[in-house]
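Colleague: build me a model from this:
(one chain, ligands or ions: 1)
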Amino acid sequence: MACFRTSARICRQFLFNNSSSTKFSAVFSSPRWMSSGNYEYIIVEKKGEKNNVGFIQLNRPKALNALCKGLMSELDQAVQKFEKDDDVGCIVLTGSDRAFAAGADIKEMQTKEFSDVWRGNFLSEWDALSRCSKPVIAAVNGFALGGGCEVAMMCDIIYAGDKAQFGQPEITLGTIPGAGGTQRLCKAVGKSKAMEMVLTANRISAEEAEKAGLVSKVVPAAELVNEAIKTAEKISSFSKIATGMCKEAVNAGYEMSLKEGLHFEKRLFHASFASNDRREGMTAFSEKRPPKFTDS
Ligand SMILES: CCCCCCCCCCCCC/C=C/C(=O)SCCNC(=O)CCNC(=O)[C@H](O)C(C)(C)COP(=O)(O)OP(=O)(O)OC[C@H]1O[C@@H](n2cnc3c(N)ncnc32)[C@H](O)[C@@H]1OP(=O)(O)O
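Modeller: Residues are numbered from 1 along each chain as shown. All right, here's what the predicted structure looks like:
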């Protein structure tokens, strides 16, 4: 509500100063005004004692956070906004108690034809999440199915509430996962479990997901978001250059041979010696005081 009052005040002030209608329409059509926190499908806030955690909550409860075009485009916008925000060191992405996201919007996809998705390269534009240089924690309660599970796997860490369920049920719809479900899932849980999940549409529980390596922590559902924010605050307290390098090195390991990955890691380690934060971190240790990381 506060953000709406601010926007309204800005508009009143602008209108007072600029009476011409062309300028009026410029204000209401300007992307900045539209993306000043007025989202239809998500809630976007900064959280943590130092306001250094970017918090995005999928908020389309009537459709169990089904990933429609509007939601995915708002999610893309919000991730890009936090990517550029120097105060934010880590992002938390969550849904509702009942659903993180029950998949891509089936009703929206139902009428699409092959030529639409092929020529339009459907889904290719929504990659801000997987390209984000800052760590992203998925806090999953309830259903993470299809595209919902895929979005969670685009994140760097998955925390699950104890009632969470993960699955790739696309085969029940006569299709297959289309945003990493056959690729990232395989790397996370191994071929056999991944193949079983995509071929049978069987869901796995939070405990099974943790046992299989898809999830790094299971907590009581009610504590999930706070636990994720706590971890995000800790990550945000470190050097943003070092956390970005850690994320890049781990993800590069997915794509490279061990030899290439070790080389890439070593070169990033060497590069960290060019940062003020590395100098500050090692000096603070020797002087027995907490470091003050300032690189952004
Ligand atoms: C930075 C940008 C990032 C973006 C990333 C982009 C990529 C990611 C997205 C693209 C992925 C492409 C490939 C993926 C494809 C899919 O995901 S296909 C869908 C896979 N999911 C499913 O098959 C699950 C479908 N839902 C269900 O099986 C059930 O709803 C349920 C989850 C088991 C819950 O059942 P129940 O408790 O009985 O509730 P319902 O009555 O079924 O549902 C409540 C309402 O929600 C609607 N709904 C649920 N899921 C969807 C959905 N996937 N799409 C659209 N709508 C859905 C459901 O229809 C109900 O609504 P009403 O009918 O209006 O009451």
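
Colleague: what sits against Ala209?
Modeller: When contacts are counted by Cβ atoms under 8 Å, 6 or more residues apart in numbering, Ala209 touches 158, 160, 164, 166, 189, 215, 218. From N, CA and C alone the C-beta is placed, and that goes for glycine too.

Colleague: now the third one: how far from Met197?
Modeller: Counting by Cβ to Cβ, to the nearest Å, the gap between Ala164 and Met197 amounts to 14 Å.

Colleague: how about Ala222?
Modeller: Going from Ala222 to Met197 by Cβ to Cβ gives 27 Å.

Colleague: who's more crowded, these two?
Modeller: Ranked by neighbour count (other Cβ atoms under 10 Å), Ala222 and Met197 place Met197 first, with 26 against 11.

Colleague: after whichever strand or helix holds that one, next one along is what?
Modeller: Following DSSP states H and E, one finds Met197 within helix 191-200. For helix 191-200, the succeeding helix or strand toward the C-terminus, using DSSP H and E, is strand 204-205.

Colleague: tell me the buried residues in stretch 258-273?
Modeller: Within stretch 258-273, the residues that qualify as buried are 261, 264-265, 268, 272, counting by 16 or more other Cβ atoms under 10 Å.

Colleague: again with stretch 63-78
Modeller: Using 16+ other Cβ under 10 Å as the test for burial, stretch 63-78 gives 63-68, 71-72, 74-75, 77-78.

Colleague: identify, from those, the entry nearest to the ligand.
Modeller: The ligand lies nearest to Ala66 out of the buried residues of stretch 63-78, by Cβ to the nearest ligand atom, at 3.4 Å.

Colleague: any idea how far that closest one lies from Gly148?
Modeller: 8 Å.

Colleague: and Ala232, by the same measure?
Modeller: Remark: distance between Ala232 and Gly148 (Cβ to Cβ) = 20 Å.

Colleague: would you list the phi and psi of Ala144?
Modeller: Main-chain dihedrals, Ala144, degrees, to the nearest 10: phi -130, psi 90.

Colleague: what residues does stretch 238-252 touch?
Modeller: 86, 89-90, 133-135, 156, 235, 261, 264-265, 268, 271-272, 275, 277-278, 281, 293, 295-296.
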